[in-house]
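Asker: make a model of this:
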Amino acid sequence: MWWVPLVCVVAGCFSGDWQKQYTKAVSDHRLDSQFSLLHPQPVSVAGGRIGVRVPRVFTEQVDPTAPPPRGRPAFLPDVPGFQAGFEFAAAAGAPPAILALGVVPKAERRREDVEAAILQQVRVADAKWEGPRDETARSGVVGRWKVLKVPGTGEVWISANDDQEFCNVLAWQVGQEAAAALPLEAIAPLVARSLEVLPPPLPVDQAPAAAAPAGG
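Answerer: Purely as a prediction, here's the structure:
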């Protein structure tokens, strides 16, 4: 009967591992359910260095060469490092809901200068940056963001990591007509958590060679 305690111990270990796996699976399912509000594939901007998933309600992407105000919030016609804009018409005759993406390399401009440039355009009494606040990405990486709220109109999110290579800007315009489809309190943090900084692409001469066909 010496093996009975051993079996109990082993069973306990398996039970503990199963509980951990189950807890993780439930957590991942809840997280995936939240991200289902976004398009499954990220939008690639800044030469492929930044990927971000946008809400499913956005079906029209504005080319970065389009002149303002297309793809930019009315309160921020000059989005620093503007890369792309997305529009959603919530009601006929109403201003479109907008998400504008901006990417400014740290080597070109300091984050503090980007913040100041945005504040100069957002002419709202007592407007100020809030935060920084931490948002954990799907990968587990924690990103820091500062938020500028424009009452009744939208928000501007700007990445504020100490060691960031890019200063990323997410500028939202969401009026009352679109608030039900785009609740910023829930959707803005989700988009921020979806943003990823990707490694630079390999030069052509350093790209992995294609595998030779079998039997060749």
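Asker: quick one: the strands in the protein?
Answerer: 43-45, 50-52, 60-62, 82-88, 97-105, 130-136, 142-150, 154-159, 166-173, 196-197 (DSSP state E).
Asker: weakest of these by average pLDDT?
Answerer: If you rank these by mean pLDDT, strand 60-62 sits at the bottom with a mean of 90.
Asker: buried stuff in it?
Answerer: The neighbour-count check on strand 60-62 (16 or more other CB atoms under 10 Å) flags Val62 as buried. Bear in mind the C-beta positions are built from the backbone N, C-alpha and C, glycine included.
Asker: now for it, which elements pack on it?
Answerer: Counting contacts by 3 or more CB pairs under 8 Å, 6 or more residues apart in numbering; DSSP states H and E, strand 60-62 is packed against strand 82-88.
Asker: can you give me the pLDDT of the closest residue to Glu115 other than its chain neighbours?
Answerer: Among residues not flanking Glu115 along the chain, Trp129 sits closest, at 5.9 Å (CB to CB, 6 or more residues apart in numbering). At Trp129, the pLDDT value in this model is 96.
Asker: go on, Tyr22?
Answerer: The model's pLDDT for Tyr22 equals 53.
Asker: Met1 too?
Answerer: pLDDT at Met1 comes out at 53.
Asker: tell me where the protein has helices.
Answerer: 3-35, 111-121, 184-194 (DSSP state H).
Asker: by mean pLDDT, show me the worst of those.
Answerer: When I compare those, helix 3-35 is least confident, with a mean of 56.
Asker: isn't Gly81 up against Ala100?
Answerer: No. Applying CB atoms under 8 Å, one finds Gly81 not in contact with Ala100, separated by 10.2 Å.
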